[in-house]
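Q: Here's a sequence, model it:
(one chain, ligands or ions: 2)
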Amino acid sequence: MMVIGLTGGIGSGKTTVAGFFEEIGIPVYIADDAGRRLMNTSKEIREAVIQIFGEEAYNKKLPNRKFIASKVFNDKGLLSRLNQIIHPAVERDFNSWLSDQTSEYVIYEAAILYETGGYKKCDYSILVTAPQKLRILRLQKRDDSSVEEIQERMNNQWSDEKKSQMADFLINNEELAQTKLQVEHIHHEILKAGKNC
Ligand SMILES: CC(C)(COP(=O)(O)OP(=O)(O)OC[C@H]1O[C@@H](n2cnc3c(N)ncnc32)[C@H](O)[C@@H]1O)[C@@H](O)C(=O)NCCC(=O)NCCS
Ligand SMILES: Nc1ncnc2c1ncn2[C@@H]1O[C@H](COP(=O)(O)OP(=O)(O)OP(=O)(O)O)[C@@H](O)[C@H]1O
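A: Residues are numbered from 1 along each chain as shown. Ligands and ions are numbered 1, 2, ... in the order given. Take a look at the predicted model:
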């Protein structure tokens, strides 16, 4: 079964795009959601995170995400240590999920796919882009994040220019109806490519 990586910078609209693939009937795995679930449920992850960030990193048994975010997004060394705890656990969880799927392909949505090398395990990858100003406006509307907090996360992600050189498909997500058409086109291209394998 083909695995199609789906990525994009913060606020680009990758979860929105993933929703369009789901509407077509394609199973979608969202790494951000899995990371969140595993941080909430895994004792090993909780212990490892507390070892790095101290007791304040968890409140009872739930992670203090704002506190952890305030530490990692302006310290690349700490972010890398956190990634090293979460990413292998997400990979195991994804492989177990994948073994239950029966469709022609699945979508693996991850915020950082090229940065981690995760794209190498995908048959193809899709990059969702949108102008940076628009992404910031969307995030301000959706979350209570400040421009500085958004910018810090962007600083820990590769630029669209760099990522677009590695992507097999690009989706420009400005106008939703156009985005949906691009998803439908890529879906047909993926099915064609699968038949030629
Ligand atoms: C630091 C944490 C606790 C902050 O949680 P929070 O709820 O504020 O953010 P959330 O996880 O929903 O991510 C929102 C967005 O932040 C950006 N982001 C998250 N993790 C990273 C990262 N490791 N590198 C760069 N950007 C990131 C992405 O654009 C992502 O879509 C959390 O992001 C985290 O544990 N990150 C490290 C693990 C990771 O990479 N998770 C994502 C994929 S598995
Ligand atoms: N084309 C669009 N037009 C208007 N609003 C949009 C569009 N695409 C996404 N949005 C909105 O912008 C916000 C960010 O989109 P979404 O959550 O899909 O992005 P994301 O890349 O998954 O974000 P994150 O990096 O935080 O996980 C959401 O509130 C979403 O509803």
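
Q: contacting residues around the helix or strand that contains Ile190?
A: Ile190 is part of helix 176-195, with elements assigned from DSSP states H and E. Residues outside helix 176-195 that contact it (CB atoms under 8 Å, 6 or more residues apart in numbering): 2, 4, 13, 16-17, 20-21, 24, 26, 104-105, 123-124, 126, 169, 171-173. In this view, the C-beta of every residue, glycine as well, is placed from N, C-alpha and C.

Q: What are the buried residues along it?
A: Using 16 or more other CB atoms under 10 Å as the test for burial, helix 176-195 gives Thr179, Lys180, Gln182, Val183, Ile186, His187, Ile190.

Q: same thing with stretch 34-45?
A: In stretch 34-45, counting by 16+ other CB under 10 Å, buried: Ala34, Gly35, Leu38, Met39, Ser42, Ile45.

Q: ok, now stretch 123-141?
A: For stretch 123-141, a neighbour-count test (16+ other CB under 10 Å) marks Tyr124, Ser125, Ile126, Leu127, Val128, Thr129, Ala130, Gln132, Arg135, Ile136, Arg138, Leu139 as buried.

Q: Looking at strand pairing, list the partners for the third one.
A: Following DSSP bridges, Ile126 is listed with bridge partners Leu6, Phe169.

Q: Tell me the secondary structure of the nearest residue to Ala69 once chain neighbours are set aside, please.
A: Among residues not flanking Ala69 along the chain, Glu149 sits closest, at 7.5 Å (CB to CB, 6 or more residues apart in numbering). Under the three-state scheme (DSSP: H, G, I helix; E, B strand; the rest coil), Glu149 adopts helix.

Q: what about Phe67, distance to ligand 1?
A: Distance of Phe67 to ligand 1, given as CB to the nearest ligand atom, to the nearest Å: 9 Å.

Q: Beyond the lengthiest helix in the chain, next helix or strand please.
A: Counting residues, the longest helix in the chain under DSSP state H turns out to be helix 76-98. The element immediately downstream of helix 76-98 (helix or strand, assigned by DSSP H and E) is strand 105-109.

Q: relative orientation of that next one and helix 176-195 in degrees?
A: On the basis of axes from the mean of the first three to the mean of the last three CA atoms, to 10 degrees, strand 105-109 is oriented at 130 degrees to helix 176-195.

Q: average pLDDT for strand 105-109?
A: The average pLDDT within strand 105-109 is 98.

Q: Count the neighbours of the residue nearest to Ala69 for me.
A: 18 (other CB atoms under 10 Å).
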